[in-house]
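Trainee: This is a predicted model, with the sequence first.
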Amino acid sequence: MAIEFTESAGKHGFTEADAVHAMSNARYYEPKFDEPRDLSSIRPSLWIGPSLDARAPLLEVMAEVIPPRTVRVFHVMRAREKFLARLGIEEGQQ
C-alpha cells in the first residue's frame, strides 16, 4: 500500500507517522463520510485514532482511498467535537 501525505495534511503539525498510527489504531472509521473536495476526487474516508504521542489528543484523519493500493492523506488534526461526537465522547474527555 502506498501512503501519499499531502502538504495540507501536515499543516497542523502532525506527521505522516502520526496519521498512519491513528489510522492503524482507529477507534472510529467511516468510509466515504463526506463529499469529494472537487468533482474529480473520490469521496474521503474518516479515521479517529491516537497519535504516536500518548499524551496527545485523538486525531481526525481524512484521506482518499484510491484503488488498488493508494491512500492519499490530506487532513490530520486534533479531533474536533463534531467528530468526537461520533464516538460518544466530548472534547476534553479523550
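Mentor: Perfect, I can see it now.
Trainee: Now do the strands in the chain.
Mentor: Assignment of strands within the chain using DSSP state E yields the ranges 2-5, 28-30, 45-49, 59-66, 70-78.
Trainee: Can you check what angle separates the longest one from strand 45-49?
Mentor: The reference is to strand 70-78. 50 degrees (axes from the mean of the first three to the mean of the last three C-alpha atoms, to 10 degrees).
Trainee: So what touches strand 70-78?
Mentor: Strand 70-78 has contacts (C-beta atoms under 8 Å, 6 or more residues apart in numbering) with 1-6, 8-10, 12, 14, 16, 18-19, 22-23, 37, 44, 56-66. The C-beta positions use only the backbone N, C-alpha and C, and glycine is treated the same way.
Trainee: quick one: contacts for the closest residue to V20 other than its chain neighbours?
Mentor: Distance criterion C-beta to C-beta, 6 or more residues apart in numbering; nearest residue to V20, sequence neighbours excluded, is I3 at 6.4 Å. If a contact means C-beta under 8 Å, 6+ apart, then I3 has 16, 19-20, 70-71, 73 as its contacts.
Trainee: Would you write a PyMOL line that selects the buried entries of these?
Mentor: To isolate the buried members of those in PyMOL, using 16 or more other C-beta atoms under 10 Å:
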select buried, resi 19+20+71+73
